[in-house]
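Peer 1: this one's sequence-less:
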């Protein structure tokens, strides 16, 4: 989608392992506090107006469709893409949060520690919704089955976008492994010194986390009443060292930000031959580089040898927010919004969302060839990627702070001050310190 910056801010999904114990491990509230604080699931008497805040382009049209069909449960939507978590955080502090809000998977643990959600499991429709979603996304929003605090909305299974015409022009095979990708980077640059295989955005920790995720890098786990922090694991180091070599050998650019005007200009000028991206990004090139129609293909992520795992970058949920007086109606709308085929089709068309609902994966738009990509069935690639995502990957309770530290250190490495390995060490130290500062029990290593 063209609104890439917004989608990037939603990036990086949390998964089941470790999440089931988030509340016990990082909240001052007892494990059952969410359920005890949840409002009644009894239907309201009379007309209800819900507040739903989100960042998705075109969501007002999706909500209008609901309102037309449901006169007794009206929804008012507010786009908060200019400062998503700042606006939501201020509303929570003031006790004026909406009934429902879009929350990135990686932000769920942090907001849970702030008692931002209510448990909707008292509503039968909420618990029954489990069967409507890809299993690993449900585990994330239910914190490993401890309740129903949000419903999955979209995901970001990763793949490799390639300018197949440039690879063909220089007689280079499209790489299937990361080793082949590095070799292709050398070959492309040798054939055309003005051509790089891709770019590395040092200010995008979420994207980098997706690369770590693909390599089964377990950054966090929970046992023995404490968090175990392994951000600087062997698997993470392998990824960092790989990209550091590409940077040091000047085979990838480091001066471009994802979704920026400069990034599109580089692709427009045939200076970059591939893009490591996610499902929601398929519309980026279609909408911003229309003259390159038919020149792009989407293939599976290069793999680490025989390890066929994939990664995820992006995705969001619609959370049940603390203070809502209309839980029953919120569940009705939330379930429709994220599982009804008509709603999902609009969200995909207008907002570029790749649905987390199993019904969404059967949408006609996702089963046909996409003209811009030479009529290739690109969503088959993303569906396959989604099946290969490691569901044991988990986020820590201070992920936002860790990501900022990681980005700062990666930017220095890209400028020649340290390495990406040093950036991992900085992120590891920040994770431990930030947890200690919040009195969250944590230790380094498993």
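Peer 2: On my side now, so go ahead. These numbers were taken from a predicted model, which means no experiment stands behind them.

Peer 1: Partner strands of whichever strand or helix holds residue 77, with direction?
Peer 2: Assigned by DSSP states H and E, residue 77 falls within strand 73-79. Strand 73-79 has its sheet partners listed here by DSSP bridges as strand 48-54 (parallel).

Peer 1: and for the strand it pairs with, what are the contacting residues?
Peer 2: For strand 48-54, the external contacting residues (C-beta atoms under 8 Å, 6 or more residues apart in numbering) are 63, 72-80, 87-88, 98-102, 318, 326, 329-330, 333. Yep, even glycine has a C-beta here, placed from its N, CA and C like the rest.

Peer 1: wait, residue 285 sits on residue 372?
Peer 2: Yes. Counting by C-beta atoms under 8 Å, residue 285 does reach residue 372; the two are 7.2 Å apart.

Peer 1: Give me the buried entries from the contacts of strand 48-54.
Peer 2: Neighbour-count burial (16 or more other C-beta atoms under 10 Å) applied to these gives 63, 73, 75, 77, 79-80, 87-88, 98-102, 318, 326, 329-330, 333.

Peer 1: Go through those residues and flag which are in strands.
Peer 2: Residues of the buried ones among the contacts of strand 48-54 located in strands (DSSP state E): 73, 75, 77, 79, 100, 101, 102, 318.

Peer 1: need the contact list for the second one.
Peer 2: Put plainly, it is residue 75. Counting by C-beta under 8 Å, 6+ apart, residue 75 has contacts 49, 50, 51, 52, 63, 66, 67, 333.

Peer 1: Swap in 10 Å and give it another go.
Peer 2: Contacts of residue 75 were listed using C-beta atoms under 10 Å, 6 or more residues apart in numbering, and they are 48-52, 60, 62-64, 66-67, 99-100, 329-330, 333-334, 336-337.

Peer 1: do the same with the first one
Peer 2: In this structure, residue 73 makes contact with 43-44, 47-50, 66-67, 326, 328-330, 332-333, 336, judged by C-beta under 10 Å, 6+ apart.

Peer 1: one more time with 8 Å, if that's ok
Peer 2: Contacts of residue 73 by C-beta under 8 Å, 6+ apart are 47, 48, 50, 66, 329, 332, 333.

Peer 1: just the third one next, same as before
Peer 2: Taking C-beta under 8 Å, 6+ apart as the criterion, residue 77 is in contact with 52, 53, 54, 59, 60, 63.

Peer 1: again, only using 6 Å
Peer 2: 52, 59, 60, 63 (C-beta atoms under 6 Å, 6 or more residues apart in numbering).

Peer 1: ok, the second one to residue 160 distance?
Peer 2: Plainly put, residue 59 is 29 Å away from residue 160 if you go by C-beta to C-beta, to the nearest Å.

Peer 1: Geometrically speaking, which residue is the centre of this structure?
Peer 2: residue 314 (1.8 Å; C-alpha atoms, centre = their mean).

Peer 1: that's a strand at that one, yeah?
Peer 2: Yes. Counting by DSSP: H, G, I helix; E, B strand; the rest coil, residue 314 is located in a strand.

Peer 1: hang on, isn't it packed against residue 280?
Peer 2: Yes. Counting by C-beta atoms under 6 Å, residue 280 is a contact partner of residue 314 at 5.3 Å.

Peer 1: Same question for the biggest helix by length in the chain: list its buried residues.
Peer 2: Looking across the chain with DSSP state H, the single longest helix is helix 420-437. Residues of helix 420-437 classed as buried: 420-432, 434-435 (neighbour count, 16+ other C-beta under 10 Å).

Peer 1: For the stretch 301-446 of the chain, which segments are assigned as strands?
Peer 2: Using DSSP state E, counting those that start in this stretch, the strands found in the stretch 301-446 of the chain span residues 312-320, 442-444.

Peer 1: And the longest one, how far out from the chain middle?
Peer 2: Right, strand 312-320. How far strand 312-320 lies from its chain's middle: 6 Å, per C-alpha atoms, centre = their mean, to the nearest Å.

Peer 1: helices and strands around that strand, which ones?
Peer 2: Contact here means 3 or more C-beta pairs under 6 Å, 6 or more residues apart in numbering; DSSP states H and E; on that basis strand 312-320 packs against strand 100-104, strand 150-163, helix 205-214.

Peer 1: and after the shortest one, which helix or strand comes next?
Peer 2: If I follow you right, that is strand 100-104. Strand 100-104 is succeeded, C-terminally, by helix 108-113 (DSSP H and E).

Peer 1: Which SSE is immediately downstream of that following helix?
Peer 2: helix 124-128.

Peer 1: pLDDT (mean, whole number) over that next one?
Peer 2: For helix 124-128, mean pLDDT is 96.

Peer 1: counting contacts, what elements does it pack onto?
Peer 2: Helix 124-128 packs on helix 327-339, going by 3+ C-beta pairs under 6 Å, 6+ apart.

Peer 1: Can you give the contact residues for the helix it packs on?
Peer 2: 39, 41, 43, 48, 73, 75, 99-100, 120, 123, 125-126, 129, 132, 151, 153, 318, 320, 324, 343, 357, 359.

Peer 1: Of those, just the buried ones, PyMOL syntax please.
Peer 2: Selecting only the buried entries of those in PyMOL, with 16+ other C-beta under 10 Å as the criterion:
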select buried, resi 39+41+48+73+75+99+100+120+123+126+129+132+151+153+318+320+324+343+357
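
Peer 1: how about low-confidence regions in this protein?
Peer 2: 1-39 (pLDDT under 70).

Peer 1: My guess is residue 351 contacts residue 56. True?
Peer 2: Yes. Assessed by C-beta under 6 Å, residue 351 is found in contact with residue 56 at 4.0 Å.

Peer 1: and the strands of the stretch 301-446 of the chain, which is most packed in?
Peer 2: Across the strands of the stretch 301-446 of the chain, averaging neighbours per residue (mean count of other C-beta atoms under 10 Å) puts strand 312-320 on top, at a mean of 28.

Peer 1: Identify, from the contacts of residue 77, the entry nearest to residue 173.
Peer 2: residue 59 (41.3 Å; C-beta to C-beta).
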